[in-house]
Each structure stands twice: as structure tokens, then as C-alpha cells.
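Engineer: give me coordinates for this.
(2 chains)
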Amino acid sequence: SQQGEEDPQALSIQEGENATMNCSYKTSINNLQWYRQNSGRGLVHLILIRSNEREKHSGRLRVTLDTSKKSSSLLITASRAADTASYFCASTGNQFYFGTGTSLTVIP
Amino acid sequence: DAGVIQSPRHEVTEMGQEVTLRCKPISGHDYLFWYRQTMMRGLELLIYFNNNVPIDDSGMPEDRFSAKMPNASFSTLKIQPSEPRDSAVYFCASSLEGSGNTIYFGEGSWLTVV
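Structural biologist: Numbering: from 1, shown residues only, chains lettered A, B, ... in the order given. Reported below is the predicted structural model:
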């Protein structure tokens, strides 16, 4: 992809379990953002972490950033069926590329 | 705010025809993006504008694609002539510098070229 890769490409878990998705990017960044895409819809912003931050929380979301490894992770705790969607990371500021996405399925 | 507005939402056209996709960004946003999403290639950045000026069009696939932003509230992406491999969802998005460039997406234009 233009930017990098998410891992895994697909993830299936039971409701109530935690979901972890990883993102690797290719270039230096200003910010790293995570987005969610429900089927047939546009992407929706979830959380932003700046390049000088290492961890950030928002509700059931926890994002970490390791600029030395050019990687980030998104943790969704206590998953719900409504969390079923595709999740993308993106570097923004100088570039605006998205990763390949992780398709998350939460089984009720 | 109404968000990013795209039209048409769905279009089916015959190969060789001209396709024009339209976008109205969020008022006050100074960046506008055009992305293309397919199963095979994922989400690709085609071009982006800053203050109506094209900054990076390196993602535009070929000369059949062109994009314009005549003013701060309107942009078009044109494909002429269209080909079946152009079938995809085309997203317009906008953002505001200084907000971390959080990108706000429209609902997409679903293009099918037959």
C-alpha cells in the first residue's frame, strides 16, 4: 500500500473479548490516526496520537505508538457486536496515506 | 455541519463515457482529498488540495483522471474515458490543519463501469 500494513488482515473474536490490531508505517509522521469503516460507509475518525506521545486512551480504545519501530497498535476492550467493522491507521500532517485495514468481526 | 457531501452516491456507466464526481467539503476546511477504494488495492490517495491548490497528485492513476477545485467549497474528479477497471468507491474527504488533520470522509461515490 501507499503507507503500510495493518496486521492481522482479518480478526474474529467473541463479544466481550479484547481485539488488538497493529499498524506499521513507512515514513516519519506528525500524527498517527485510527479510523473505522462500517460496511458501505465512509471512514470515521476514532483517535489521534501525536508523534511525541506513546499511549492514548479514549473510552474502550487504547492506542500505542512506537516511532522507533514505525508501528502502532489499537486495542478495543470488551468488544461488542457493534464494533464489527474495518479499522485503518493513517499518518497525517505531511502525508495522508492509509494502511490496508483490519477487518474485525465480533461474534455475539 | 452537514459533513462532506458527495454526488452521485451511485453511478453505472458504460466504458468510454465521461464520469464526473462532485464533492463539497466541510466549510472552513483547508484540505481536500480524493481517495479510491477497491478490494484489490485498498484505500488509495489519488490527489489532495490545500487551499484549493493541488499539492500531491502522484496517486492519480493516469491522464484519464483529472481533479479540480475551483473554490473552497467545491471539487470534481473526472474520468475520461472511463474503463471497467475504474470501478471502485471514490471518497472525498476534508480536514483542517491545526486540528491534527483529522480527516472527515464523505459517504463515497460507488462507480461501476460496464
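
Engineer: for the residue of chain B at minimum distance from chain A, give me its contacts.
Structural biologist: Closest residue of chain B to chain A, CB to the nearest CB: residue B:105 (3.4 Å). For glycine as for every other residue, the C-beta is placed from the backbone atoms N, C-alpha and C. By CB atoms under 8 Å, 6 or more residues apart in numbering or on different chains, the contact list for residue B:105 reads A:42-44, B:4, B:35, B:91-93.

Engineer: kindly report the residues of chain B close to chain A.
Structural biologist: Counting by CB under 8 Å from any CB of the partner chain, chain B comes close to chain A at B:4, B:31, B:33, B:35, B:41-45, B:48, B:59, B:91, B:93, B:95, B:100-108.

Engineer: which of these fall within strands?
Structural biologist: Among the residues of chain B next to chain A, the members falling in strands (DSSP state E) are B:31, B:33, B:35, B:42-45, B:48, B:91, B:93, B:95, B:104-105.

Engineer: which of the residues you listed has the weakest pLDDT?
Structural biologist: Across these, the bottom pLDDT score, 88, is held by residue B:42.

Engineer: does it touch residue A:100 like I think?
Structural biologist: Yes - counting by CB atoms under 8 Å, residue A:100 is a contact partner of residue B:42 at 4.7 Å.

Engineer: list the contacts for the residue in chain A positioned nearest to chain B?
Structural biologist: Of all residues in chain A, residue A:42 sits closest to chain B, at 3.4 Å by CB to the nearest CB. Contact partners of residue A:42, counting by CB under 8 Å, 6+ apart, are B:4, B:91, B:93, B:105-108.

Engineer: need the max-distance pair from the ones in strands among the residues of chain B next to chain A.
Structural biologist: Longest distance between any two of these is 20.7 Å, between B:31 and B:42; criterion CB to CB.

Engineer: can you map out the helices along chain A?
Structural biologist: Counting by DSSP state H, no segments of chain A form helices.

Engineer: partner residues bridging residue A:66?
Structural biologist: On DSSP bridges, the residues paired with residue A:66 through beta bridges are residue A:71.

Engineer: so it sits right up against residue A:51, yeah?
Structural biologist: No - Residue A:66 is beyond contact range of residue A:51, at 10.9 Å (criterion: CB under 8 Å).

Engineer: output the contacts of residue B:105 in JSON lines; the columns should cover distance to residue B:22.
Structural biologist: Output for those, formatted as JSON lines (distance: CB to CB, whole Å):
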{"residue": "A:42", "distance to residue B:22": "15"}
{"residue": "A:43", "distance to residue B:22": "19"}
{"residue": "A:44", "distance to residue B:22": "21"}
{"residue": "B:4", "distance to residue B:22": "11"}
{"residue": "B:35", "distance to residue B:22": "15"}
{"residue": "B:91", "distance to residue B:22": "13"}
{"residue": "B:92", "distance to residue B:22": "8"}
{"residue": "B:93", "distance to residue B:22": "14"}
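
Engineer: could you pull up the residues touching the closest residue to residue A:57 other than its chain neighbours?
Structural biologist: Ranked by CB to CB, 6 or more residues apart in numbering or on different chains and with sequence neighbours excluded, the top spatial neighbour of residue A:57 is residue A:63, at 7.8 Å. Neighbour list for residue A:63: A:32, A:34, A:47, A:49, A:55-57, A:72-75 [criterion: CB under 8 Å, 6+ apart].
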